[in-house]
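A.B. asks: I need the structure of the sequence given here:
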Amino acid sequence: MDKNPLITKGLALAIVVLFIGTILIPGSDGDVEQKSEITQVNEPRSAPSSITDWWPMFHHDLYHSGHSNSTAPETNTVLWTYSTNYWLESSPAVADGKVYIGSQDYKVYCLDALTGAKIWTFPTGHLIVSSPAVYDGKVYIGSTDHLVYCLNADSGSYIWIYPTGWGIAQSSPVVVNGKVYIGSQDNKMYCLDAETGSKIWDYTTDDWISSSPAVADGKVYFGSWDKKIYCLNADNGSKIWDYSTGDIIWTSSPTIFSGKVYIGSLDCIVYCLNAMTGMKLWNYTTGDWVTCTPAVANGNVFVGSWDGKIYCLNATTGMMIWYYLTGGGVSSSPAVTDGKVYVGSHDNKMYCLDAMTGMRIWDYVAGGQILSSPAIAEGNVYVGSMDNKVYCFGSENLLPVADFTWTPSTPNPGQTITFNASSSYDPDGYILLYEWDWNNDGIYDESHVSSTATYSWSNGGNYSVTLRVTDNNGATGTQTKTVKVNSGNQPPEIPSINGPAKGKVGVATEYNFTTTDPDRDQVYYFIDWGDTTNSSWVGPYPSGDLIIESHTWSKKGIYTIKAKAKDIYGNESAWTTLKVSMPLSNNIPTPSFREWLFERFPHAFPILRQLLGH
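C.D. replies: Numbering: from 1, shown residues only. The predicted structure is shown next:
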């Protein structure tokens, strides 16, 4: 079996010694080189997520669970690569849209997580194989130049350094409750103040510490070259317990889960200890060294060995569930998410396995061995390689779709228009930004995280409006539509009147009135009943709504009803009319025969009077 041409058992000590360099304290400002060596292969994609599960430190968290809630790629699509100037054994941390990693070219790198573009670099005095931790806007990392560094996460500027007694190799810092914990090859575990870098305490073992500390329940756990696993009080550094293994604990770091400690050793064994007492609960023997850090997820432990195998063990019993044989030793620590296991191998390959069955989903051949441990965030997988490159694996991004509406649909000059882009969507992610170009000149005048915006034009005319939406991977989609602004406010249409053409005096009669306004403005109605009375202006009512008004005439006759409308800006329509007659009333008494006769034949009245003897 391949023993890794870079690191073999016989050369292990010599290689670690080579990591120890001379101390070179940098200036106060980070190296802000602008040259980028990024190769972008495909549009980056991330899964939809309202709260991102970042990977801010080695093996994800304080407990080294190696488990994320993010989705992860189903294929070996490389979204981008970035080339440094030497090997990458450091494992990336991903936080707030940035990837942080150390290189054996003596530099700390900060890259854009979506594109791989370099944001900043910071030079140290020697090789960096430690992995960074990001906490409260700061980046913490150790170097073989005997220093612990604290840098500004956004700019890479220097904040403080702390000198240890010898180089810091693979031990990676953990930051919690304002304290930084990190091991050194001066045999010490350090606890430093995260703000100032001042030492709070240290604890001395009998040999080098290249294991990264894990912190849980007020305790610090780590392994040492003195063949022991330690548990210390996180506040004062006092020893709570230790456990002796059969050989050096090199780069394997403890994983704390459900009251248990999982760790590997050069005695080829994976150990499970009681986190409170240090008592061994079980152990599993592999075919060679175990230098990676176990991942624990869904009741299983995932761990690699220099025998070339990736193992899945029952976390409670240690019983093997499955293994997968790679083409080289495995010192990369597995990362688990979305039902998949991601891990690198000395055979130059990055693997994605089914977490339940161990079946290979995909692999990717890099240009060098992959000793770095993968980090997963927002649907992408990040890892370093001994071919000097940082890789980002993900799925090809589908472009977002831009769309919008506005109200009112036919606005007037000076009228505020509300634009709504909530109908825009991203088929494989979510929209982060809405940008508006109000005059189609290619310059986006406004940008919002909200999907709504307002605007108005002072003059009438047709205006082209362009919306650009940006998804969570930086991909964009655009839509252009034409907004018609009225040349001037239009009056309502002439209203219609509907109702009976005949009625009865003294009885209320109902009539319907309706009109539409070209600008969709609300409208008022004025009704003249033709008997010297009117309704005055009533309203406002929505354009197109039917209103009902009633009137009672006190005398019979023929009347002309007139109606007109005006909008809320005072523009009036012309009049419309309807003639109605009021011929009868149920309350008018029936005249006597004499009254009837007199009304019909008034000239005959004197003759009739003589005939009737009056």
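A.B. asks: going forward, measure contacts and count neighbours with C-alpha atoms only.
C.D. replies: Noted.
A.B. asks: domain map for this structure?
C.D. replies: Following automatic domain parsing, one gets these domains for the chain: 9-393, 405-485, 496-584.
A.B. asks: which of those domains sits closest to Leu399?
C.D. replies: domain 405-485 (6.0 Å; C-alpha to C-alpha).
A.B. asks: what sits against the residue nearest to Met320 when sequence neighbours are not counted?
C.D. replies: In space, and not counting its chain neighbours, Met320 is closest to Leu313: 4.4 Å by C-alpha to C-alpha, 6 or more residues apart in numbering. Counting by C-alpha atoms under 8 Å, 6 or more residues apart in numbering, Leu313 makes contact with 300-302, 319-322.
A.B. asks: could you flag which of those residues are buried?
C.D. replies: Buried residues within the contacts of Leu313, counting neighbours by 16 or more other C-alpha atoms under 10 Å: 300-302, 322.
A.B. asks: hmm, which two among the contacts of Leu313 are most spread apart?
C.D. replies: Greatest spatial distance in the contacts of Leu313: Phe302 and Met319, 11.9 Å, computed using C-alpha to C-alpha.
A.B. asks: tell me who's in contact with Tyr511.
C.D. replies: Neighbouring residues of Tyr511 by C-alpha under 8 Å, 6+ apart: 497-500, 548-550.
A.B. asks: that older thread, closest one of the buried ones among the contacts of Leu313 to Asp441?
C.D. replies: Of all the buried ones among the contacts of Leu313, the one with the least separation from Asp441 (C-alpha to C-alpha) is Phe302, at 55.4 Å.
A.B. asks: report the contact partners of that closest one.
C.D. replies: 294-296, 310-313, 334.
A.B. asks: for Gly344, state which of those residues is nearest.
C.D. replies: Of all the contacts of Phe302, Pro334 has the smallest distance to Gly344: 7.7 Å, by C-alpha to C-alpha.
A.B. asks: pretty sure the closest one sits against Ser345.
C.D. replies: No: under the criterion of C-alpha atoms under 8 Å, Pro334 makes no contact with Ser345, lying 10.2 Å away.
A.B. asks: just the buried ones among the contacts of Leu313: which are in helices?
C.D. replies: Using DSSP state H to define helices, no part of these is located there.
A.B. asks: mind putting those into CSV with pLDDT and distance to Trp289?
C.D. replies: Shown next, in CSV, are these (pLDDT from 0 to 100; distance: C-alpha to C-alpha, whole Å):
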residue, pLDDT, distance to Trp289
Asn300, 98, 20
Val301, 98, 17
Phe302, 98, 15
Trp322, 98, 18
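A.B. asks: sorry, back to before: okay, the domains of the chain in a markdown table with distance to Leu399 next?
C.D. replies: Shown next, in a markdown table, are the domains of the chain (distance: least, C-alpha to C-alpha, whole Å):
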| stretch | distance to Leu399 |
| --- | --- |
| domain 9-393 | 9 |
| domain 405-485 | 6 |
| domain 496-584 | 36 |
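A.B. asks: tell me the most buried of those domains?
C.D. replies: With neighbours defined as mean count of other C-alpha atoms under 10 Å, those peak in mean count at domain 9-393, which reaches a mean of 22.
A.B. asks: can you give the distance from that domain to the centre of its chain?
C.D. replies: 25 Å (C-alpha atoms, centre = their mean, to the nearest Å).
A.B. asks: make 26 the first number, not 1, from now on.
C.D. replies: With the count now opening at 26, the last piece we talked about shows up as domain 34-418.
A.B. asks: pLDDT wise, what is Asn498 at?
C.D. replies: Here the pLDDT value assigned to Asn498 is 76.
A.B. asks: go ahead and confirm it touches Gly141.
C.D. replies: No: contact criterion C-alpha under 8 Å: Asn498 and Gly141 do not qualify, at 11.7 Å.
A.B. asks: after the helix or strand hosting Tyr296 comes which helix or strand?
C.D. replies: Assigned by DSSP states H and E, Tyr296 belongs to strand 294-299. Moving toward the C-terminus from strand 294-299, the next helix or strand (DSSP H and E) is strand 305-310.
A.B. asks: show residues contacting the helix or strand that that next one is followed by.
C.D. replies: Downstream of strand 305-310, the next assigned helix or strand under DSSP H and E is strand 320-322. Residues from elsewhere that reach strand 320-322 (C-alpha under 8 Å, 6+ apart): 84, 89-92, 280, 282, 326-328, 340, 358-361.
A.B. asks: hmm, 6 Å instead?
C.D. replies: Outside strand 320-322, the residues that touch it by C-alpha atoms under 6 Å, 6 or more residues apart in numbering are 90-91, 326-327.
A.B. asks: so what strands line up beside that strand?
C.D. replies: strand 325-329 (antiparallel) (DSSP bridges).
A.B. asks: and the helix or strand just after the partner strand, which strands flank it?
C.D. replies: Downstream of strand 325-329, the first helix or strand assigned by DSSP H and E is strand 334-339. With DSSP bridges as the test, strand 334-339 is paired with strand 325-329 (antiparallel), strand 345-350 (antiparallel).
A.B. asks: and the angle for the first one with strand 294-299?
C.D. replies: Right, the one you point to is strand 325-329. 150 degrees (axes from the mean of the first three to the mean of the last three C-alpha atoms, to 10 degrees).
A.B. asks: repeat that for the longest one.
C.D. replies: Counting by the same axes, to 10 degrees, strand 345-350 lies at 150 degrees to strand 294-299.
A.B. asks: contacts for strand 345-350, please.
C.D. replies: With contact meaning C-alpha under 6 Å, 6+ apart, strand 345-350 is reached by 333-338.
A.B. asks: swap in 8 Å and give it another go.
C.D. replies: By C-alpha under 8 Å, 6+ apart, strand 345-350 touches 333-339, 382-384.
A.B. asks: by mean pLDDT, flag the weakest helix or strand of the protein.
C.D. replies: helix 37-43 (a mean of 42; mean pLDDT, DSSP states H and E).
A.B. asks: what about Pro565, distance to Gly439?
C.D. replies: Distance, Pro565 to Gly439, by C-alpha to C-alpha, to the nearest Å: 21 Å.
A.B. asks: this structure: helices as residue ranges?
C.D. replies: 37-43, 618-625, 630-636.
A.B. asks: low-confidence stretches in the stretch 476-625 of the chain?
C.D. replies: By pLDDT under 70, the weakly predicted segments of the stretch 476-625 of the chain are 513, 609-625.
A.B. asks: gap between the two ends of stretch 302-312?
C.D. replies: Stretch 302-312 has an end-to-end distance of 28 Å (criterion: C-alpha to C-alpha).
A.B. asks: and Thr146, bridged to which residues?
C.D. replies: In this entry, Thr146 is beta-bridged to Tyr134, by DSSP bridges.
A.B. asks: how close does it sit to Lys365?
C.D. replies: For Thr146, the distance to Lys365 equals 32 Å [C-alpha to C-alpha].
A.B. asks: do Tyr255 as well
C.D. replies: Distance from Tyr255 to Lys365, by C-alpha to C-alpha: 31 Å.
A.B. asks: low pLDDT regions in the stretch 26-175 of the chain?
C.D. replies: 26-76.
A.B. asks: which one of the contacts of Tyr536 is nearest Lys589?
C.D. replies: Closest to Lys589, out of all of the contacts of Tyr536 and judged by C-alpha to C-alpha, is Ile522, at 10.0 Å.
A.B. asks: how about the contacts made by the closest one?
C.D. replies: 536-539, 588, 601-603.
A.B. asks: same check, this time on Ser155
C.D. replies: Counting by C-alpha under 8 Å, 6+ apart, Ser155 touches 115-116, 127, 166-168, 193-197.
A.B. asks: tell me where the stretch 476-625 of the chain has strands.
C.D. replies: All strands of the stretch 476-625 of the chain, identified by DSSP state E, counting those that start in this stretch, fall at 477-480, 486-496, 501-510, 521-523, 527-529, 534-539, 548-553, 559-566, 572-576, 582-592, 601-609.
A.B. asks: nearest to Thr302, out of the ones you listed?
C.D. replies: Among the strands of the stretch 476-625 of the chain, the nearest to Thr302 by C-alpha to C-alpha is strand 486-496 (49.1 Å).
A.B. asks: all good on my end, thank you.
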